[in-house]
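Undergrad: Need the 3D shape of this:
(one chain, ligands or ions: 1)
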Amino acid sequence: MSDQRRPRVLVTRRIPEAGLAIVRQAAEVDLWEGELPPPRDELLRRVAGMDGLLALLTDRVDDELLDAAGTGLRVVSNFAVGVDNIDLAACARRGIPVGNTPGVLTEATADIAFALLMAAARRLPEGHDFVREDRWTTWGPLLLLGKDVAGATLGIVGFGRIGQAMARRARGFGMRVLYHSRHRASPEAEAATGAEMVPFETLLASSDFVSIHTDLNPSTRGLFGREAFARMKPGAILVNTSRGPVVDQVALHDALTSGSLFAAALDVTDPEPLRADHPLVGLPNCLIVPHIASATERTRDAMATKAANNLVAGVRGQPLPDPVPLPAAG
Ligand code: DGY
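TA: Numbering: from 1, shown residues only. Prediction:
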């Protein structure tokens, strides 16, 4: 990039002003104003000649897109902590740094995970429909019985920042907490959360609730399939706020209709959006919300600020404040 001109960047959706203002200060911005993601051909056309790309988890960043961008592209900044929409190896081969937004969405995401856990345990959506549909005739000793949270065991799969924040909430609610993760948490983190690391199979067999907080990678894709559901405690509840493809939804549907699982509560699905006629949507014991775990005003402002700072640093050729580790370029 010549020093004479301002860098040009593509921002693939309107993000909070907190971030846009930072980007506009530093660069000429092509902002995709659509409510839906830019269609692929539009994305490929607009990215051509850009110095920076601020992408969303709905944009696939791969060889094709990077080729379309051309050799001037200096940074890909994702407006998310998850980066499974980005081919990191393709970025590494071109020497393009990738940024994400860790840390700022931890508490908001754990809040939604715990809200989903509570809602599924106590059948809140069913209760809400019951009243709305005017089916409430009296107080009933057997009406809408759910599962106790206090005293139950929560198994957390993936014990990074968000998994640990979930554990802190669970501890406050009197739950026993187990976790399974690639790496053992620090003694301080284990002490703060009271969580105990166990093998995956032990977690499945011992937990009344299982909450998924792993990233999506080849080893976690389909991790919750028939075999995992068969190992789970009868009547357990599954919560997923990570990525949809970690769960095999056909197997989940069978586990929910056979009664082997009591309920599931999902913030993420495969695909997204999940259409209203999808078999899971019609199940009374499956609560689904539209990938809103980080959707609070403060959190989205903070994500926008981080994504903007990564973008600006990248177009200036500076180290990104929040770089994603890239695989060695082969
Ligand atoms: C993320 O950041 O990866 C979430 O899924 C969206 O906030």
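
Undergrad: any idea how far Arg275 is from Ala251?
TA: As judged by CB to CB, to the nearest Å, Arg275 and Ala251 stand 19 Å apart. Yep, even glycine has a C-beta here, placed from its N, CA and C like the rest.

Undergrad: which of the two has more neighbours?
TA: Ala251 (17 against 7; other CB atoms under 10 Å).

Undergrad: Touching the helix or strand where that one lies from outside, list them.
TA: Assigned by DSSP states H and E, Ala251 belongs to helix 249-258. With contact meaning CB atoms under 8 Å, 6 or more residues apart in numbering, helix 249-258 is reached by 224-226, 229, 232, 238, 261, 263-264, 269-270, 279-280, 283, 285-286.

Undergrad: Those in helices, which ones?
TA: In this view, the contacts of helix 249-258 that belong to helices under DSSP state H are 226, 229.

Undergrad: and Arg231, how many residues sit next to it?
TA: Neighbourhood size, Arg231 [other CB under 10 Å]: 14.

Undergrad: Begin at 19, not 1, for the rest of this chat.
TA: Done: numbering now begins at 19, and the last item shifts to Arg249.

Undergrad: coming back round to it: so among the contacts of helix 267-276, which ones count as buried?
TA: 242-243, 247, 250, 256, 279, 281-282, 287-288, 298, 301, 303-304 (16 or more other CB atoms under 10 Å).

Undergrad: For Ala207, give me the pLDDT.
TA: pLDDT recorded at Ala207 is 95.

Undergrad: hang on, it is in a strand, isn't it?
TA: No: applying DSSP: H, G, I helix; E, B strand; the rest coil, one finds Ala207 to be helix, outside a strand.

Undergrad: can you count the residues close to Pro345?
TA: Using other CB under 10 Å, Pro345 has 11 other residues around it.

Undergrad: Measure how buried the residue nearest to Arg64 when sequence neighbours are not counted is and give me the count.
TA: Distances taken as CB to CB, 6 or more residues apart in numbering put Leu28 closest to Arg64, at 5.4 Å, once the chain neighbours are dropped. Leu28 has 25 neighbours, counted by other CB under 10 Å.

Undergrad: now do Pro57
TA: Residues contacting Pro57 under the criterion other CB under 10 Å number 11.

Undergrad: State the pLDDT value of it.
TA: On pLDDT, Pro57 comes in at 98.

Undergrad: Next one: the residue nearest to Arg64 from the ligand, what distance?
TA: From Leu28 over to the ligand the distance is 19 Å, taken as CB to the nearest ligand atom, to the nearest Å.

Undergrad: Which positions in whichever strand or helix holds that residue come out as buried?
TA: Leu28 belongs to strand 26-29 when elements are defined using DSSP H and E. For strand 26-29, the neighbour count (16+ other CB under 10 Å) marks 26-29 as buried.

Undergrad: which one of those is nearest the ligand?
TA: Within those, proximity to the ligand (CB to the nearest ligand atom) peaks at Val29, which comes in at 16.3 Å.

Undergrad: wait, Gly332 sits on Gly70?
TA: Yes: Gly332 is within contact range of Gly70, at 5.6 Å (criterion: CB atoms under 8 Å).

Undergrad: neighbour count winner among these two?
TA: Each of Gly332 and Gly70 has its neighbours counted (other CB under 10 Å); Gly70 has more, 31 against 27.

Undergrad: Not counting sequence-adjacent ones, nearest residue to that one?
TA: Per CB to CB, 6+ apart, closest to Gly70 is Val27, 3.9 Å.

Undergrad: so where's the protein uncertain?
TA: Flagging of the chain using pLDDT under 70 yields the residue ranges 19-22, 348.

Undergrad: Name the residues of it found near the ligand, please.
TA: Applying CB under 6 Å from any ligand atom, we find that the chain lies next to the ligand at 75, 98-100, 123, 312.

Undergrad: how close does Leu62 sit to the ligand?
TA: For Leu62, the distance to the ligand - CB to the nearest ligand atom - is 23 Å.

Undergrad: circling back to that earlier point, show me which of the buried residues of strand 26-29 is closest to His231.
TA: Closest approach to His231 among the buried residues of strand 26-29 (CB to CB): Val29, at 28.5 Å.

Undergrad: and the closest one, what does it touch?
TA: Here Val29 is in contact with 38, 41, 47-50, 72 (CB under 8 Å, 6+ apart).

Undergrad: With Val27 instead?
TA: 41, 45-48, 68-72, 329, 333.

Undergrad: The residue of the stretch 119-268 of the chain found nearest the ligand - how many residues pack around it?
TA: Residue nearest to the ligand within the stretch 119-268 of the chain: Leu123 (5.3 Å; CB to the nearest ligand atom). A count of nearby residues for Leu123, using other CB under 10 Å, gives 24.

Undergrad: right, and it touches Met321 too?
TA: Yes: under the criterion of CB under 8 Å, Leu123 makes contact with Met321 at 6.2 Å.

Undergrad: List the residues that are in contact with both of these two.
TA: Common contact partners of Leu123 and Met321 (CB under 8 Å, 6+ apart): Ser312.

Undergrad: sorry, back to before: what about burial for the residues of the chain next to the ligand, which qualify?
TA: By 16+ other CB under 10 Å, these give 75, 98-100, 123, 312 as buried.
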